[in-house]
Every structure is written in C-alpha cells, then in structure tokens.
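A.B. asks: fold the following for me, if possible:
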Amino acid sequence: MPAVRGDGMRGLAVFISDIRNCKSKEAEIKRINKELANIRSKFKGDKTLDGYQKKKYVCKLLFIFLLGHDIDFGHMEAVNLLSSNKYTEKQIGYLFISVLVNTNSDLIKLIVQSIKNDLSSRNPVHVNLALQCIANIGSKEMADAFGNDIPKLLVSGETMDVVKQSAALCLLRLFRTTQEIIPGGEWTSRIIHLLNDQHMGVVTAACSLIEALVKKNPDEYKGCVSLAVSRLSRIVTASYTDLQDYTYYFVPAPWLSVKLLRLLQHYPPPEDPGVRGRLNECLDTILNKAQEPPKSKKVQHSNAKNAVLFEAISIIIHSDSEPNLLVRACNQLGQFLSHRETNLRYLALETMCLLATSEFSHEAVKKHQETVINALKVLKVAILAEKYAQDYTWYVDVILNLIRIAGDYVSEEVWYRVIQIVVNREDVQGYAAKTVFEALQAPACHENMVKVGGYILGEFGNLIAGDTRSAPAVQFQLLHSKYHLCSAGTRALLLTTYIKFINLFPEIKAQIQDVLKSNSNLRSSDAELQQRASEYLHLSITTTTDVLATVLEEMPPFTEKESSILAVLKKKSGRMSAQEAQREARVQAREGNNVAVAEKSQTAQLNNSTSADLLGLSTPPATLNSTQSNTGVLVDVLGDLYGGSATSNQNGTSTPTSMSMSGATDNIKKFVCKNNGVLYENDIIQIGIKSEFRLNLGRIGVFYGNKTSMPLQGFNPTVSVRPSQQGKVTVQVKPVEPSIDAGAQVQQLVNCECIEDFTDLPDMIVSFTYGNVPQRLALHLPLSCNKFFEPTDMNGESFFARWKNLSAPAQEAQKIFKTASVMENASIKTKLLGFGMQLLEGIDPNPENYVCAAIIHTRTQQIGCLLRLEPNRQAQMYRLTIRASKESTASIMAELLVEQF
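C.D. replies: So this is what the prediction gives:
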C-alpha cells in the first residue's frame, strides 16, 4: 500500500489512536518505546526519507514529548525540515525547534542560519514562520542574532503588512528579554510613524510595541502622542461599517482604541491646543456613544463598548484638567453603580474612588453617595447575619430575604457563602431546599435567587420531592420557567442542575433530554452553553445508571475556611499614602529589626484599619504583637495543605538580606511535603507557589503579589542553581514584567529537569524598588529531589525481597530522632504521601510501622527508593530507614524527611 500523502498523516493518527486505547500506563510506555525504536531505525538506516516522512516522524516525536517523555534524537531531521519549501514541513520543523531545542544546543548555528534564510525570503509565509519561532524561543541568543534584522524588516517599505505585524510583536518579545535590542535615533521616528500605517493590524501590533518602549524612555517617544490622538480620532468618529474588518459587535476596533488610550496615559495632557482639542473631542464622543441605545443585546457588544469607555474615563481622570469631562464621567459611572451586573458595579465604584480625588468632581461624586451607602448596607446585613447567627435556618431566611429585596446589591460572595453553609450542614439542607423552592415561585424573581435555587435544588431537591407540591417535575418546571430570562452564566448553572436531576429523579429524564436537545442549547451562540448541553446529553444517553450516579454524586463539603464575606472586611484595611509608604520603607531599610519601628508600623496599621472600618464592625486585637497577615487574599487558590497559619522561619537562610519587614514569613521547609501554597510573605509582597511534576520534568508557577498601594518597580526575580549542583538539576525561568501594579499579581513559570539526584535547593533572588528604596529577598525555590518521585505499589513479598537486595551500607541511611509534634496517624500519613511515596499498608509485621515505595525519575536513570518509619510513641521518637538503588540517594531523602517531623 503506497504511503498516504498530504496533511492527514495517517500513521500519526493511528499512533495517537493506539495511545488513547492503552488500558494502562505500562501499555502506553510499551507502545511509545516501540514507536521510538521504529523512528530511530528510520532516521539511522533509511537515507531516502522524503520531507513528508520526516515530517510525520517528527510529529510523532512531538506528540511523545507532549505526553511527558524525553526525546533525545530527531533534532537534525527537524532542522532539515526548515529548508523545505512546503509550508506544512517547514511549520513542523519550526514547531519542534521552538519546543524541544535548547539554546545551548550544538545545532543552534544551523537553526540561526535557516531562520536568516527565511527572513530574507520573498515568501511572507516563510518569513512569518521564522518570526514566530524567534518570538517563541525569545532568548537573549535570539535577540543577539536577529536584533539588527527585525527592526529593518519592521520599517521597510517593501515589507508586506502581515509580516510587519509579526515583526512588531516579535520585536516586543525580544525587547522584554533584552531592552537594548531596539536602536534609538532615526529608528524612533520610523517606529512611531507605524501608527499612521494604513493597515489596522500593523497599527495594533505597533501600538503594543510603542507602549513598551514608552515605559522605558517616555521622552524619546513623546512624538507618538499626536499620532495616537489622530488615529484614535479616526476610529472614534468612524461608523462600524467603515472599519468592517476590525469591528467587533458594532464597536469599531475596540482593542486598538484601548491600546491607544492606555498609551496616552503615559504622558500629561498634550501642550499643543489642536492636539488637546482633538483628544477632548474623542473623549466627548466616547461618552456620547455610551448614552446611545445598544446596537446589540449580546454581552460581547456591551463588554467591548464598556472597555473603551472605562479606558476613556481613566485618561480623563489622569489628565484632571477638563471639569466638564470629569463631571460627565462621574455621571456615567453613577449610572453603572445601579447596574444589575456585579462586575460593572465594581469597576464603576473602583473608578469613582479615583475620580473622587479630583477637585473638579467633588460635588458630582457626592450625588451618588446614597447609592454607595445602600450597597454597603446590604453587605453589612450579610456580614452581621453570619457573625451573629445562632441558628443556620434563620441565617438562610435572612440571606434569601436579602436577595429578594435587594438582589441588585448582593455580591457573588454573599450567595456563594449561603451555598457553602448549606452544603456543609446536613441539618439545614432540607429546610434550605424547601425555602428556596417557595422563593422561586414569586412572579418576579431576581437572578441571584435563581442561582441559589438551581444549586440547592440540584443537590438537595430529593429531600422535598416526597411532597406532591414540590414533586420532581414541579421543581424542574419551576426552574426552567426562569431559564430564558437569565444570563448565559446562570443558564450554564441551570443545565448542571438539570443533569443532576436526571440522577436524582430518573422519571423526568425524557423531559430534561428534550431541553438539552433543543436548538437554543445545542446550537447556542454561547460556546459554554453549547458544550454543556452536548456533553450532558451524551452523558445521560450513553452511561449506565451506576456511572451516572458516580459522576453526579452529591458535592462533598467545602473546606472550612474563613467566610468569603467576612474576608471583605480584611480587604478594607487602611492603606498609606505614597509619601507615607516611602517614609516607612526608608525607616525600615535603615533600622532593620528595630522593635520600636515594628510597633510603630503595627500601631499605624491598627489606626488605619479602624479609620477605614466603614461597616463599624472592627474589633480591637488582643495584643499589639499579633501581626496582621493577608495570606490568602492574593493567592487564595493555593491554600495551605496543613490548614495551619504560616509561621515565621527565624533561623532559615532565606530571610531578606537588605530589608527586614514586620510579619515576614518563610515557609520553605513545608514545601518538602506539598506543592502548593504561600512560600514567603511580608508587608510588601506575597510569593505563592503552584507546581506539578511528571517523571523527571517539572513546572513551577511562582506568583508575586503586591500587597501595597504603590507599584513595585524594577522587579527582577532570578533563579539559579548552585555550582555544586550544576549538571544535576536544570531550571529555565520565563521573564516577568519589570513592574507590579498596586494590588496586582504576576506569574512566573519555571521549567525544571532532574538530571541526577541533588541536594541543594536552587537560589531565588527577588529584587525590586518600593518607595524609591531598593529591596532584595534571598529565598530558595522549593525544588527538592523528592519532587521527582513516582509512587510505586507492591505487595509485601516484593517489598521485602527488594529491601533485602538493597543491603549495601552505602545504599542505606538511618536516622533516629525525637519529635516535637504529636504522633498522630493522619498527620504521619499526610506527610509521607506529600513526600511523594506510595504508602503500603498492611505489609509491615508491626502495624504501628509505615512502609513506602517510590521511583525517582532522572534524565540518566531511575532510582528505586524504599522507606520504613518506626514510631516509638512512649519515647516520642522515630527511627527512619531509607534504602535506595543509588548510593547517594538514601541519605539525601532521609535528610529531607527528618525535618518534617
């Protein structure tokens, strides 16, 4: 049978199908190893492979790599594909290089030459592929190699528009890596004039590049102001039919409009009267359009329109020089304060807080004071109801009544909390189901009530189904009567309720399936609704009753955390002014751990908190020494696996070297047995970790949260491996933005690989400027050798046979130590499982002992590890024994684990 040509690549499709059909991990590895052997033999033995065959095999290698397996060959074949004139072959070659080739590779010179050949090509598709590859790699080496070519390509009159777009974005990516890449002088003017380009795509890409350049050197690029105003004027005054290719739901070029408005906020109001007048006309027109009837009822239309409007209001506040525009902006925000959409109300309130600082808008802001106070009263009722609730049935009554009376002012935190309380307390579930069922029978029912009703009836509707007045069919019809009046988000929740009903009430399965089959759901313009309807329908048709019951079983109780609405109080803690923050930072930098400074800072925080207590619910702390922590506000999703509050590591090596903030917390030791949580926190910054590992590879997300009311400038986190660990573990760090706005959070990805067993954690240095005072944190990245464990299950016979085989003295490490913590079974099991090993229960002859097994995956080998932990509860001591197939590994693992007990 002749080989199939074209993009179908039947061999690849068959291979992917084989992998998907594997019943176990072992079967998958066996199939992959067989394919790798076949590809290797083809690359080595068959010198007549054509481009199609090379592309097919390289694609298979890419797929295997994406499954988490190492690929150590095929790089040259991928480089050879770059010289092909066929798009699909060249594309796969570039994709392989972007993903798998390291910048230190011996092939980098060949790759650079191939990219240069494509950059000089007359085929725009080839040029774009080359630019995308450069941007995807984005390394300093790429910046050095192509720093002269890409700016020329961007400003050349012969370059096609589609290539200019890619060149601008590629240059932006390299600029973020190496800021010296873009030359000054005449290049400045040529880059600025891209804002005048006829092609809107080029202008959009160039605007992103110019904004980044302006942040670095605003004076050099101040000529962009007049061109940005001119371009904005043409967009704002255009009809949506004039810019048909760049109109989004009747809003002309919303993304470009937002970019231009943000660009102008880097400069003061234009000095040229003509430019200033034209900008004011643009802003006036945007405010006028906000008052026009919507041209579409779609949420995308209102989102695009409001995005431009809020950015226009931001520049009005930034300029703070046009009283008429400021008052109009305030009136527009006042309308949003009464809007039914919570997010819009929040944005309006936040923007109005900024607007209130202007001397021209004080009176206008005061007109909306009553609306703000009413919203706060609703929140106060919700908080007081929970704080002083003696009976949770009473609490449910109060909150549902609150939603009925003031639904528009009830934030999502309030109805989330009532759901959480009902799910966690069995004694109130039946009452809540009955109460919400009665509330839904009102002719006019707020959407928040529908959300609460949908969730509670989907979980506990069976508790009231015995009453004919609230029979299953009646519950379903009542909820579905509200369906077409709700937003897409609420409809999605109700679809989930319907599939839950199929599990709870099989007798109404046919009715619900008819709803799921309806065109309004299966062919909905909303992708989420369409997907839910399709998946739920197939789930109800193809699965057995047992499988359906397992998939749709009752939600487990929520983790008992601090109330989300009570947490609102903590978010209102008083913030210092910029001048106060600068003074405080300088004092702390000079005096370090001075107790008087710490007490002064804490007292100031308490005073600020009291003065900012809008609801009158503040409670004085027991002592001044109890430091306030915002753990969970910025990285709340990470949580703490042990559930306890973070404790300060007084003796750790990762305390700040040039700053000492009150309440500093370093949790590095806890991360030996967990992957997610808050790593470090002080009064300025919170650093969270979220990581995942597979075989010898890992990816760590580092979250940096700014806890202050000022931006952190010159932000530069670096991660490095110590010289003694070079060649044992590698880390690749993605760059982050050099500034973190007040209250904002940025994420940095760190890719890592275990080459062989290692001892020391990588160093992490976080440097930045706060209040004009340079700060530096010397921390450790929580990357220890046990992170590359794969738990291994085995029976008692296998365990002790392997234990006996690992009997060489160097293969064993034993520690006998006393513990300070309570020897609880649950805590010990949690730590051993968190350490990454498989807990083998019922194997050790002594039931008090714990035995575990795992394999450490490295690039060079797999290292088997066995563990035995023997507690002596009377003496409060442990004996820990670890045996490993590699001599150095057992002692490394023992040292890591002992610190956890």
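
A.B. asks: in three-state terms, label I855 for me.
C.D. replies: strand (DSSP: H, G, I helix; E, B strand; the rest coil).

A.B. asks: show me the beta-bridge partners of it.
C.D. replies: According to DSSP bridges, the residues that bridge with I855 are E790, G864.

A.B. asks: quick one, what contacts it?
C.D. replies: I855 is in contact with F789, E790, T792, Q862, I863, G864, C865, counting by C-beta atoms under 8 Å, 6 or more residues apart in numbering. No exception for glycine: its C-beta is placed from N, CA and C like everyone else's.

A.B. asks: go through these and give me the one with the most neighbours.
C.D. replies: In terms of neighbours by other C-beta atoms under 10 Å, those top out with C865 at 25 neighbours.

A.B. asks: isn't that residue right next to M893, touching?
C.D. replies: Yes - C865 lies in contact with M893 (C-beta atoms under 8 Å); the separation is 6.2 Å.

A.B. asks: okay, the contacts of I855 in CSV with pLDDT and distance to L81 next?
C.D. replies: Putting the contacts of I855 into CSV (pLDDT from 0 to 100; distance: C-beta to C-beta, whole Å) gives the following:
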residue, pLDDT, distance to L81
F789, 89, 37
E790, 88, 34
T792, 87, 39
Q862, 87, 32
I863, 89, 36
G864, 89, 39
C865, 90, 41
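
A.B. asks: pLDDT weak spots in the protein?
C.D. replies: For the chain, the stretches with pLDDT under 70 are 1-8, 103-104, 240-242, 373-377, 379-380, 560-663.

A.B. asks: just want the most central residue of it.
C.D. replies: The geometric centre of the chain, computed from its C-alpha atoms, lies nearest to Q747 (C-alpha atoms, centre = their mean), at 7.2 Å.

A.B. asks: quick one, phi psi at it?
C.D. replies: phi -120, psi 140 (degrees, to the nearest 10).

A.B. asks: with G466 instead?
C.D. replies: Given degrees, to the nearest 10, the pair of backbone angles that G466 has is phi -70, psi -20.

A.B. asks: can you give me the helices in the stretch 351-500 of the chain?
C.D. replies: 362-366, 369-387, 392-406, 412-424, 426-440, 447-460, 472-483, 488-504 (DSSP state H, counting those that start in this stretch).

A.B. asks: for the fifth one, list the C-alpha coordinates in PDB.
C.D. replies: Read that as helix 426-440. Below are the C-alpha coordinates for helix 426-440, written out as PDB (Å, rounded to 0.1, in the frame of the first residue of the first chain):
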ATOM      1  CA  GLU A 426     -26.900  18.400  56.900                       C
ATOM      2  CA  ASP A 427     -29.400  19.800  59.400                       C
ATOM      3  CA  VAL A 428     -30.200  22.800  57.200                       C
ATOM      4  CA  GLN A 429     -30.200  21.200  53.800                       C
ATOM      5  CA  GLY A 430     -33.900  20.100  53.700                       C
ATOM      6  CA  TYR A 431     -35.100  23.500  55.100                       C
ATOM      7  CA  ALA A 432     -33.000  25.400  52.600                       C
ATOM      8  CA  ALA A 433     -34.400  23.300  49.700                       C
ATOM      9  CA  LYS A 434     -38.000  24.000  50.800                       C
ATOM     10  CA  THR A 435     -37.400  27.700  51.500                       C
ATOM     11  CA  VAL A 436     -35.700  28.400  48.100                       C
ATOM     12  CA  PHE A 437     -38.400  26.400  46.300                       C
ATOM     13  CA  GLU A 438     -41.000  28.700  47.800                       C
ATOM     14  CA  ALA A 439     -39.000  31.800  47.000                       C
ATOM     15  CA  LEU A 440     -38.700  30.800  43.300                       C
END
